[in-house]
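S.K.: When you get a sec, could you give me coordinates for this:
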Amino acid sequence: MKNILVTGGAGFIGSHVVRLFVNKYSNYNIINLDLLTYAGNLENIKDIESSNNYKFIKGDICDADFIEQLFKIEQITDVIHLAAESHVDRSISDPLSFVKTNVFGTVTLLNAAVKFWKQDLSNHIFYHVSTDEVYGSLREDGFFLETTPYDPQSPYSASKASSDHFVRAWANTYKLQVKISNCSNNYGPNQFPEKLLPLMINNIKNNKPLPVYGKGENIRDWLYVVDHARAIDDIFHKGTIGETYNVGGFNEWKNIDIVHLLCNLMDKKLGKSEGESAKLITYVTDRAGHDHRYAIDASKIKKELGWKPSLQFEEGMEKTVEWYLENPNWLEHVTSGSYKDYYKKTYLVN
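M.R.: Predicted structure coming up:
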């Protein structure tokens, strides 16, 4: 019996990981730890909240005493660490919050893991989920490999790069059994609408301007979030201890091209005339230090673990648009802030 602690399990990627593990592994207990800040939303996983092998706990990964008690009470056997501040714009305006959560929070978890697993570290896994942004920015050619030197360009990516280094240091110093993955941009259901795709979908729906940084020529590699959850499952169970795996969609798009694709999809879904939503595109001052291009070489995970994306991008985009249009209450609750009431209502918190 495993008691797996998933941090950030009420967030975008974390909720899909929690759902996958709860539904797929009835012999595992999944403990979902989330502080429920602005991006953590229990409505993301209400479909599995009554499952016998699932428990939600609200708490802060930076609280060392709380984390130690959690490891002790729940008898944590493994960690899948996803909790993080993740939005680059927020990191520019409030970098210290990113240092606290992404660096100090990760070290707090590492310390607790070593303390409670020290009798037999070989039977426990600490899996740290990171980002491709730690590698910096690419020009028009080339790809990020697992061996690419780190070159973070924003407070967000610098904080994630730092946390990656601490995980490797704990593996080297304390012999903690670690695995790390660095993933490209995710898209799909339940993403907080400060991110590009849900922001554009929501704004098109409400006939609001579609803000595009600079000329929209920045390039990203996109992966459907369910496929990322599948990759995390494969790495956790089949990945080699001490290894890093890059996870990507083999799928590069310029931001402006994605916005136009979304506009065309939304026009069809909403019964608008072709090109109507594209008139909402508004170019705004570019983000400070905006990385030009990210592109992942995911051949290692494909070759070693047999993982590959299950959806073509256009198919995944259509599924994503349909989900947001079919779940207007979720989007309304998130944009209004009323999603926070779900925790109070469900857990009878004063």
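
S.K.: where do the strands sit along the chain?
M.R.: Under the criterion DSSP state E, the chain carries strands at the ranges 2-7, 28-34, 54-58, 78-81, 125-131, 178-183, 185-187, 210-213, 219-224, 244-247, 252-254, 281-284.

S.K.: Show the contacting residues for the closest residue to Ala158 other than its chain neighbours.
M.R.: The shortest distance from Ala158 to any non-neighbouring residue, by C-beta to C-beta, 6 or more residues apart in numbering, is to Pro152 (4.2 Å). From N, CA and C alone the C-beta is placed, and that goes for glycine too. Contacts for Pro152 (C-beta atoms under 8 Å, 6 or more residues apart in numbering) come out as Glu133, Val134, Tyr135, Gly136, Ala158, Lys160, Ala161.

S.K.: Next, count neighbours for the nearest residue to the fourth one once chain neighbours are set aside.
M.R.: So that's Gly136. Distances taken as C-beta to C-beta, 6+ apart put Asp151 closest to Gly136, at 3.1 Å, once the chain neighbours are dropped. Neighbourhood size, Asp151 [other C-beta atoms under 10 Å]: 14.

S.K.: Over to Asp151: give its phi and psi.
M.R.: Dihedral pair for Asp151: phi -150, psi 60, per degrees, to the nearest 10.

S.K.: hey, which helix is longest across the protein?
M.R.: Longest helix of the chain, by residue count under DSSP state H: helix 155-174.

S.K.: coming back round to it: would CSV of the contacts of Pro152 with distance to Gly248 be doable?
M.R.: Listed next are the contacts of Pro152 as CSV, based on distance: C-beta to C-beta, whole Å:
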residue, distance to Gly248
Glu133, 12
Val134, 14
Tyr135, 11
Gly136, 16
Ala158, 21
Lys160, 16
Ala161, 18
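
S.K.: Looking at the residues you listed, state which has the most neighbours.
M.R.: Lys160 (29 neighbours).

S.K.: dump the residue contacts of it.
M.R.: Counting by C-beta under 8 Å, 6+ apart, Lys160 makes contact with Ala84, Asn102, Ser130, Thr131, Glu133, Val134, Pro152.

S.K.: Chain neighbours aside, what residue packs nearest to the fifth one?
M.R.: For Glu133, the nearest residue in space outside its immediate sequence neighbours is Ser157; the separation is 3.8 Å by C-beta to C-beta, 6+ apart.

S.K.: So that neighbour is in contact with Ser130, correct?
M.R.: No - under the criterion of C-beta atoms under 8 Å, Ser157 is not in contact with Ser130, lying 9.6 Å apart.

S.K.: what's the weakest-modelled helix or strand in this protein?
M.R.: Taking mean pLDDT, DSSP states H and E as the measure, the helix or strand of the chain with the lowest value is helix 340-347, at a mean of 65.

S.K.: these two touch, right, Ala83 and Gly105?
M.R.: Yes - with contacts defined as C-beta under 8 Å, Ala83 counts as touching Gly105 at a distance of 6.5 Å.

S.K.: Quick check: neighbours shared by those two?
M.R.: Ile61.

S.K.: sorry, back to before: buried ones in the longest helix of the chain, by neighbour count?
M.R.: The neighbour-count check on helix 155-174 (16 or more other C-beta atoms under 10 Å) flags 155-164, 166-168, 170-171, 174 as buried.
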